[in-house]
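> got a structure for you, letters missing:
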């Protein structure tokens with residue numbers, strides 16, 4: 001009987017969950033949540049793993065919070081623009097986009113921020129989490145027509161059941177997702193902010209790799 005139960009668990013847990021190699025814990029001033037990194041976006045996965053080793057996110061802040069949209073942290077857009085303003089364009093270092101149909105903007109998705117560069121390449125030290133909103137059939141149909149894209153069956157089913165931000169698909173790289181503690185992230189997304197979307201009280205976080 002036990003063997004039969006284990007087989008059922010194995011069948012019904014998504015295979016892509018078991019296949020991923022690296023998991024992270026985000027420790028915040030409002031609690032902790034856990035994130036699975038995707039093996040099929042290897043460059044972005046390695047970028048954040050290297051950042052953890054270099055303590056990039058040891059005393060970081062979630063500095064842009066928009067309810068029903070995103071919780072963003074790391075280096076702020078304004079700070080990046082200030083740092084790069086006198087640098088030649090070839091020294092505006094970015095990471096090439098990694099788009100994969102399995103990596104999309106459902107609630108809890110981990111993405112890399114960027115500016116308006118035409119290559120859609122990512123900032124090196126800025127991340128965001130999707131907190132999103134409900135998605136309808138009309139929403140997806142309109143986005144498909146406007147952006148000339150086609151959502152997969154899995155994407156559509158997930159957006160309908162969980163919500164998210166499908167309009168960002170194909171424009172920003174998603175490279176992981178929250179698999180435990182999503183309630184903590186959603187709580188952070190509802191904090192009061194100022195007119196610049198900055199939380200009124202600092203929300204710090206630290207990222208560590210989970211060793212299993």
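Structure received. Source: prediction; values computed, not measured.
> Now do the same contact list for the residue nearest the centre of the chain.
The chain has residue 110 as the residue nearest its centroid, 1.3 Å off, counting by C-alpha atoms, centre = their mean. Contacts were defined as C-beta atoms under 8 Å, 6 or more residues apart in numbering; by that measure residue 110 touches 35, 37, 127-129, 174-178. C-betas here are computed from N, CA, C, even on glycine.
> Can you report how many residues lie near residue 65?
For residue 65, the number of neighbouring residues by other C-beta atoms under 10 Å comes to 22.
> Tell me which helix or strand it sits in.
Counting by DSSP states H and E, the element that carries residue 65 is strand 60-66.
> what mean pLDDT would you report for that strand?
Taken as a whole, strand 60-66 carries a mean pLDDT of 98.
> Show me what it is in contact with.
Outside of strand 60-66, the residues within contact range by C-beta under 8 Å, 6+ apart are 28, 70-74, 76, 128, 188-189, 191, 193, 197-199, 202-207.
> Partner strands of the helix or strand hosting the residue nearest to the centre of the chain, with direction?
Assigning secondary structure by DSSP H and E places residue 110 in strand 109-112. The sheet places strand 109-112 alongside strand 126-130 (antiparallel), strand 174-180 (antiparallel), with pairing taken from DSSP bridges.
> quick revisit: and the strand holding residue 65, how far out from the chain middle?
Here the centre of mass of C-alpha atoms in strand 60-66, compared against the chain's by C-alpha atoms, centre = their mean, to the nearest Å, lies 13 Å away.
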